[in-house]
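Engineer: quick one, what's the 3D model for this:
(chains A and B)
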Amino acid sequence: DTGVSQDPRHKITKRGQNVTFRCDPISEHNRLYWYRQTLGQGPEFLTYFQNEAQLEKSRLLSDRFSAERPKGSFSTLEIQRTEQGDSAMYLCASSPGTQKGETQYFGPGTRLLVL
Amino acid sequence: DAKTTQPPSMDCAEGRAANLPCNHSTISGNEYVYWYRQIHSQGPQYIIHGLKNNETNEMASLIITEDRKSSTLILPHATLRDTAVYYCIVRVAKEVGDYKLSFGAGTTVTVRA
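Structural biologist: Residues are numbered from 1 along each chain as shown, chains lettered A, B, ... in the order given. This next block holds a predicted model:
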């Protein structure tokens, strides 16, 4: 399967713990996006990378959230001191990065439950 | 990006065409119409997009009105596997900073046998 992959698919943690999610984009896709989706809502944009550069961060991305893409390939999203309100599906998407108006292709998501 | 309006839900019969409407009355000339769908507990799946002309691919057809203020996604022969939330998104294609998709609540489509 050459699509976007995310790991883990599910994560249960206790409030106050740190969690890290990984996203592997489609091979040679330069742009990578993170979204968050809470129950019953559409996905909401969190942040975006062009290669290794993080070019945009949503106001939803509080100081407890940090995203990296160190070599311009896979990306990680870390949440420190998790809160129950962080419970959501975290989605990653990628696009080639060669044209404007590109289609974004999504991974299966990581579902986080904070107890 | 322009806001879209979709019905919250609709049912359709298996084997029949499903016509999903979307209003985007404030759309600008450089904004595309995109459709994604999300099957329960999966990531969104790209379906189709267009600017002015009608588009067709192996999944669906997209009909955009001449004034571009509304569009219709057509699933020609709905199957039970097409049950999903369908999102209509309008976005500007920028040279730089071409990024976020703004999802609304979408239309929950239920295909019934």
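Engineer: what strands line up against the helix or strand of chain A at the bottom of the mean pLDDT ranking, and which way round?
Structural biologist: None of the helices or strands of chain A scores lower by mean pLDDT, DSSP states H and E than strand A:53-57, at a mean of 89. Under the criterion DSSP bridges, strand A:53-57 sits next to strand A:44-50 (antiparallel) in its sheet.
Engineer: tell me the mean pLDDT over the strand it pairs with?
Structural biologist: On average, the pLDDT along strand A:44-50 is 92.
Engineer: likewise stretch B:67-77?
Structural biologist: Stretch B:67-77 comes out with an average pLDDT of 96.
Engineer: against B:Y36, how distant is A:T103?
Structural biologist: Using CB to CB, to the nearest Å, A:T103 is found at 9 Å from B:Y36. All C-beta atoms are positioned from the backbone trio N, CA, C, and that covers glycine.
Engineer: what is in contact with the two at once?
Structural biologist: Taking CB atoms under 8 Å, 6 or more residues apart in numbering or on different chains as the criterion, A:T103 and B:Y36 both touch B:Y46.
Engineer: of the two, give the one with the bigger neighbour count.
Structural biologist: B:Y36 (25 against 16; other CB atoms under 10 Å in any protein chain shown).
Engineer: how many other residues sit next to the residue lying closest to A:Q41 once chain neighbours are set aside?
Structural biologist: Once flanking residues are discounted, A:Q41 sits nearest to B:A105: 7.0 Å by CB to CB, 6 or more residues apart in numbering or on different chains. Look at B:A105: counted by other CB under 10 Å, it has 14 neighbours.
Engineer: do I have it right that B:A105 meets A:G42?
Structural biologist: Yes: between B:A105 and A:G42 there is a contact under CB atoms under 8 Å: 6.0 Å.
Engineer: in the sheet, who's paired with the most centrally placed residue in chain B?
Structural biologist: When chain B is reduced to its mean C-alpha position, the closest residue under CA atoms, centre = their mean turns out to be B:W35, at 3.1 Å. Assessed by DSSP bridges, B:W35 has beta-bridge partners B:I48, B:C88.
Engineer: noted, bye for now.
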